[in-house]
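>>> Predicted structure and sequence below. I'll ask about it afterward.
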Amino acid sequence: MPMGHRILNLMKHFTVTIRIQRYMPQHDEKTCYQDFKVLVTKDTTVLDALNMIKDYQDGSLAYRWSCRMAICGSCGMMINRKPMLACQTFIKDLLKNVIVVEPLRNFPVIKDLVVDIDDPMEKMRGVMPYVERMKQKSLEEGEYDQTPEQLAVFKKTSQCIKCMLCYAACPVYGLDRKFIGPAAGALAMRYQDDSRDETKNERLERVIGKDGVWNCSFVGECSVACPKGVDPALALQKLKIAGVIHSTKKILHRL
Amino acid sequence: MKSNLLQIPLARWWWTKKLTYFVYFVREFTGVVIATYIFYLLYLYAKYDPGYFKELHLFRPFTWIALIFALIHTVTWLYVTARIVPVRVGRVQIPQLILFIMLMGVWCGISMLLLLYFYDPIIYTL
């Protein structure tokens, strides 16, 4: 166990400063940083600290949260300049007296730590995120069976909780907001890998075109930031390979 | 109300804020140098006999610079590949560093084979 953790384990409570970037458009067009001193224990997460601030110090602080257990993806924010889930980040693991909390990078800010995630959500809707059949089975024919091996192929990419940490980590999206982005790519790959789906070519056409997967220049930070191990960087590279095969087949078919 | 949204552009020096961004930026820059060298090489092949290359003042230093940049590009690219590609042996996931070393080994092996069988003229000129 690191020495810092041993010391913290001996202390029941300790005080940290949470430095939050505030943006209150109804008062000021500019952002500012506001410090809050919070008494925490070794089990306190950043989300717990924000809740304490909102409950006892400043009720106007705005941020999203819901499940508290890294399954809803609501509480994504920049913590010490890294995109993280506030509910999953323990104060003791940050090992700093001043913890800087900012809204997710690369997104327009609505207020304080709340950002507008409409753009990537729209991109995700655009990759046909559903199983579609060319011909539906009748009810009498039964379900679309899938073996555990077939499920295992897309299980990793299906874990995405749309927390947008990958978009915050992606400098390509930061420079070009038209880029489809990591989560949309991972979502497309999830349905490409699904054995029940029969519209793979149509989906590929949507993701390999302009502002599609080829804008990805393999930074790899999206996979590092992902809290669920989805590995969107790998999904994007797989889509590139699938796109090349698909385009080659199209050209050969025309010939 | 979308008009109150605060748009924060990516900082001009964003690639200096984190080591991985800096390495990525350097990797992308090495691609520019390598591409320039390839065009230079194509120009030389069009104009001169390969045996004459070593007589040119710029050829040797430019080749060494391109080699160093190609090495940086390949090593950094393989490092990111090892980071994002999960390789399992049974139920055990191979650690990233081990995978990186394995990829480097494969790359060095293939490079040696290519060097021995296809790039003799370049070895003699260097």
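Everything's here; your move.
>>> do you know how far residue B:19 is from residue B:25?
Here residue B:19 is placed at a distance of 11 Å from residue B:25 (C-beta to C-beta, to the nearest Å). C-beta coordinates here come from the backbone N, C-alpha and C atoms, glycine included.
>>> meant to ask about residue A:46
29 Å.
>>> ok so, going back, residue B:19 and residue B:25: which is more packed in?
Shown here are residue B:19 and residue B:25; by other C-beta atoms under 10 Å in any protein chain shown, residue B:25 has more neighbours (16 against 8).
>>> Using the three-state scheme, assign the more buried one.
Taking DSSP: H, G, I helix; E, B strand; the rest coil as the rule, one finds residue B:25 in the helix state.
>>> residues contacting it?
Counting by C-beta atoms under 8 Å, 6 or more residues apart in numbering or on different chains, residue B:25 makes contact with residue B:15.
>>> and it, what pLDDT?
At residue B:25, the pLDDT value in this model is 94.
>>> My reading is that residue A:242 is in a helix; is that accurate?
Yes. Assigned with three-state DSSP, residue A:242 falls within a helix.
>>> ok, it - how many residues close by?
21.
>>> For the closest residue to it other than its chain neighbours, pull up the helix or strand it's in.
Leaving out its chain neighbours, the residue that sits closest to residue A:242 by C-beta to C-beta, 6 or more residues apart in numbering or on different chains is residue A:204, at 5.9 Å. Assigned by DSSP states H and E, residue A:204 falls within helix A:200-207.
>>> That helix: how far from the chain's middle?
Mean-position distance between helix A:200-207 and its chain equals 22 Å (C-alpha atoms, centre = their mean, to the nearest Å).
>>> buried set for it?
By 16 or more other C-beta atoms under 10 Å in any protein chain shown, the buried positions in helix A:200-207 come out as A:200, A:203, A:204, A:205, A:207.
>>> Can you tell me which of these is nearest chain B?
Using C-beta to the nearest C-beta, residue A:207 comes nearest to chain B of the buried residues of helix A:200-207, at 18.0 Å.
>>> Does chain B have contacts with stretch A:170-184?
Yes. Stretch A:170-184 is in contact with chain B by C-beta under 8 Å from any C-beta of the partner chain, via A:171, A:174, A:175.
>>> send the alpha carbons of that stretch over as PDB?
Extracted in PDB, the C-alpha atoms of stretch A:170-184 (Å, rounded to 0.1, in the frame of the first residue of the first chain):
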ATOM      1  CA  CYS A 170      -9.900  13.000 -27.900                       C
ATOM      2  CA  PRO A 171      -7.900  15.900 -29.300                       C
ATOM      3  CA  VAL A 172      -9.200  15.100 -32.800                       C
ATOM      4  CA  TYR A 173     -12.800  15.800 -31.600                       C
ATOM      5  CA  GLY A 174     -11.500  18.900 -29.800                       C
ATOM      6  CA  LEU A 175     -10.100  20.200 -33.100                       C
ATOM      7  CA  ASP A 176     -12.800  19.000 -35.400                       C
ATOM      8  CA  ARG A 177     -16.300  18.700 -33.900                       C
ATOM      9  CA  LYS A 178     -17.600  17.000 -37.000                       C
ATOM     10  CA  PHE A 179     -15.500  13.900 -36.300                       C
ATOM     11  CA  ILE A 180     -17.800  11.000 -35.500                       C
ATOM     12  CA  GLY A 181     -15.800  10.300 -32.300                       C
ATOM     13  CA  PRO A 182     -14.900   7.300 -30.200                       C
ATOM     14  CA  ALA A 183     -18.200   6.400 -28.500                       C
ATOM     15  CA  ALA A 184     -20.200   6.500 -31.800                       C
END
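>>> So for that stretch, what gets flagged as buried?
A:170, A:171, A:172, A:173, A:174, A:177, A:179, A:180, A:181, A:182, A:183, A:184.
>>> ditto for stretch B:44-53
For stretch B:44-53, the neighbour count (16+ other C-beta under 10 Å) marks B:44, B:53 as buried.
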